[in-house]
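Enquirer: Give me a 3D structure for the following:
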Amino acid sequence: MKVVDANVLLYAVNEDSRHHRAARQWLDTALSGGDVVGFDWVVLLAFVRIATHPSIFANPLTVDSAFEIVDAWLGSPGAQLLSPTPRHAALLQSLVGTVGVGGNLVNDAHLAALAVEHRADVVSFDRDFERFGENGVRRYEP
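Expert: Next up, the predicted model:
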């Protein structure tokens, strides 16, 4: 299983991104049944928030379009919506403690905790996930 980060989703739909081809190819292959893609609502909402923001994208998606994309992803054969397990809070606190900072890394630690709980790799272009490596978090870059 692979737990997908928001940056992969954004690059997959943003044809202007230098990572578009790699992200789109990986996501399409994985969702067609090539792998199990674990989705988290925090990540999906980050995708909607960023992809529809006119200050970030020259041609932002409409909210309806963004949610249609999310619905298509979740309806794919390889998609699974993940939920935290009962040990999530303790694991999240441990991961944040490992890196010694909160702030922007809290969402990364949340996704890393989900990956540990579901025995998955994190798919991301963000190297910050490597900071959680000693806790068994593995980052895969498409």
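Enquirer: Please count neighbours and contacts with C-alpha atoms only from this point.
Expert: OK.
Enquirer: ok, which stretches of this structure are strands?
Expert: Counting by DSSP state E, the chain has strands at residues 2-4, 37-39, 79-81, 121-123, 139-140.
Enquirer: Name the strands paired with the last one and say parallel or antiparallel.
Expert: Each strand pairing with strand 139-140, determined using DSSP bridges, is listed with its direction: strand 121-123 (parallel).
Enquirer: For the partner strand, the averaged confidence score.
Expert: Taken as a whole, strand 121-123 has an average pLDDT of 98.
Enquirer: before we move on, what about stretch 44-53?
Expert: On average, stretch 44-53 scores 98.
Enquirer: Same question for stretch 19-27.
Expert: Per-residue scores along stretch 19-27 average to 98.
Enquirer: Just the C-alphas of it, formatted as PDB.
Expert: Taking C-alpha atoms only, stretch 19-27 is exported to PDB below (Å, rounded to 0.1, in the frame of the first residue of the first chain):
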ATOM      1  CA  HIS A  19       6.500  16.600 -11.800                       C
ATOM      2  CA  HIS A  20       3.200  16.300 -13.700                       C
ATOM      3  CA  ARG A  21       4.100  13.400 -16.000                       C
ATOM      4  CA  ALA A  22       5.700  11.200 -13.200                       C
ATOM      5  CA  ALA A  23       2.900  12.000 -10.700                       C
ATOM      6  CA  ARG A  24       0.100  11.400 -13.200                       C
ATOM      7  CA  GLN A  25       1.600   8.200 -14.600                       C
ATOM      8  CA  TRP A  26       2.100   6.700 -11.100                       C
ATOM      9  CA  LEU A  27      -1.300   7.700  -9.800                       C
END
